[in-house]
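# with the sequence up front, the predicted model follows.
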Amino acid sequence: MSEGSALQWLRAPRLAEDTLPEGTRAVACRRCGRTVEVSLSPMRPPSFVRVEDQVECPEVQERWTGTSEGGLLLMMCGALEQSLEPDWETGDADAGAAHEPHSIVPPARPRALPEPAVVFSDRWDEDRHDDDHESTEPKGWLRTLLARSEGLRKGLVRATIGVLILGIVFLVGVLLPLREIKQLIHSPPAMTGSSGPQREALSAAPPQSPRRILLETTSAPSEAAQLGLRSPPSSFVLPRQATATERAPPSSAETAAAAAAEPEPKLRVPDLVAVAGGSFAMGGDDDSEQPSHQVSIRPFALGKHPVSVGEWKSCVAAASCPDIASGPDDRPVTNVSYDDTQAYLAWLSRATGKTFRLPTEAEWEYAARAGQRTRYWWGDRLRPGMANCRGCNGSSDAEQDQPPKIGSTPANPFGLFDMGGGVGQWVADNWHKNYKGAPSDGSAWLEEGSYARVIRSGSWKNGPADARAGSRDRYDGRIRHPTLGFRVASSS
């Protein structure tokens, strides 16, 4: 492409492709050895000029896989394109060299003219150089000496300060404690201004018990009077020297007698009621209480009432339970988690030698129904005074922070109190949304990895529906709640 054609094409960018100037070049193929004409266009890659050359190209014949008639695209074979690259690069290099601007050579900087030399004799220059060297040499030596002496002086000051600090540390940390130890080892000096009896009284060994001090004040008060000493205004009595009999250690018999004389903390064990075995239809009105299914219960023992505050305090006194109980001893303990109940049951089992546990959900409902199929153990309708719950007695018991005391409502036919209302009670089962797949032998229905536990009985804060024998609820066993308590059970 000539320079004029290229300028024309640049000035008219919307010109059609067919009107752009094209060029051809004869290229020898490296593969077949033929010389063919190649079309060179700025808008498309190089291609064959004649269709005959393309058809005869071995690479094109290898690529052709169609069976329909028609013209072939004016493509190029790979070998021909490789043969074209050296010529093409040479042409590009020549075209770039033709248009490359001439390099600009910076003008040469004029050389500075040498300054006119001052005419001095060589002898005078040498003498002046020697004089300057001799005059400056002492000054440099003196400065070096002063610099070294200044550094030495700073080092001496620092070393002196360090030695002083070490001496002070040694004096405070070693010598003074040694002096105090020596004073403790050696006997104290005589007390000036004190009489002999006073010194003996002050240096005597301390009494063994407070009771002995009281006996000495009552039996021998005249000792100080005989010495002519005035008793101090305080109640402190000077101890006397203990005799050999008093210093003798107590015998094993005396120790055993003293231990027997000391009252041991009273162990309060919850009262248990024996529940005979049997079978019943377990279930209720709510969706979580369905389907109703028959369950067989083995004989077991159940707490007569929920664990009280006083019973919980026995476990706290043994340092086996957290001190969370509040209120009078005859109130059911509240604000306990499922984990807290396990700690109490483990302590109670160790203290009594019996095995205690929580009742299963089936055992609890069996005991709450007491052989009845009604909503409550006394019937299907609520009666005032039969349960402690919100609206059950027409009073404001639900507004109280503490639950009513245990046994404040009648017991059911099995002799169990507060089996509806009072406090919510933990049981051993994990929570399931209904009874599908529940065991029929009365055992605990557990689920590994679940923290949701079943709550029974309702509480004084809940309504009458939660006080039903079949009512069930759930809560996280790791968390405490102010309305939750429990009662113990045993299989033996």
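Sure thing, it's come through.
# contacts for stretch 376-394?
Outside stretch 376-394, the residues that touch it by CB atoms under 8 Å, 6 or more residues apart in numbering are 368-370, 374, 397-398, 403-404, 408-410, 412-413, 418-422, 458-464, 466-469. C-beta coordinates here come from the backbone N, C-alpha and C atoms, glycine included.
# for it, list the C-alpha coordinates in CSV.
Output of stretch 376-394 as CSV, limited to C-alpha atoms (Å, rounded to 0.1, in the frame of the first residue of the first chain):
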residue,chain,number,x,y,z
TYR,A,376,-57.6,-34.0,86.1
TRP,A,377,-57.4,-36.7,88.7
TRP,A,378,-60.6,-35.5,90.3
GLY,A,379,-62.6,-35.1,87.1
ASP,A,380,-62.9,-33.2,83.8
ARG,A,381,-63.9,-29.9,85.4
LEU,A,382,-61.7,-27.6,87.4
ARG,A,383,-62.4,-27.2,91.1
PRO,A,384,-61.2,-24.4,93.3
GLY,A,385,-58.5,-25.5,95.9
MET,A,386,-57.5,-28.6,94.0
ALA,A,387,-54.4,-27.1,92.2
ASN,A,388,-52.2,-24.1,92.5
CYS,A,389,-52.3,-22.4,89.0
ARG,A,390,-53.3,-19.1,87.5
GLY,A,391,-57.1,-18.7,87.9
CYS,A,392,-57.5,-22.1,89.6
ASN,A,393,-58.5,-20.7,93.0
GLY,A,394,-59.8,-17.2,92.0
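# list the buried residues for it?
By 16 or more other CB atoms under 10 Å, the buried positions in stretch 376-394 come out as 376, 377, 378, 382, 386, 387, 388, 389, 390, 392, 393.
# tell me the one of those nearest residue 140?
Of all the buried residues of stretch 376-394, residue 140 sits closest to residue 390, with 105.4 Å by CB to CB.
# of the contacts of stretch 376-394, buried ones?
368-370, 397-398, 403-404, 408-409, 412, 418-422, 458-462, 464, 466-469.
# which ones among those residues lie within helices?
Mapping those onto helices (DSSP state H) picks out 368, 369.
# all strands for the stretch 301-450 of the chain, in order.
Using DSSP state E, counting those that start in this stretch, the strands of the stretch 301-450 of the chain run over residues 424-430.
# how about low-confidence regions in it?
395-398 (pLDDT under 70).
# try it again with 80
Within the stretch 301-450 of the chain, the stretches with pLDDT under 80 are 394-400.
# try the stretch 151-300 of the chain
By pLDDT under 80, the weakly predicted segments of the stretch 151-300 of the chain are 151, 172-266.
# just to revisit the earlier point, closest to residue 334 among the buried residues of stretch 376-394?
Among the buried residues of stretch 376-394, residue 388 lies closest to residue 334 (CB to CB), at 12.8 Å.
# do you know how far the closest one is from residue 40?
Distance of residue 388 to residue 40, given as CB to CB, to the nearest Å: 106 Å.
# what about the helices in the stretch 201-350 of the chain?
Taking DSSP state H, counting those that start in this stretch, the helices of the stretch 201-350 of the chain run over residues 210-219, 222-226, 244-247, 252-261, 309-317, 338-352.
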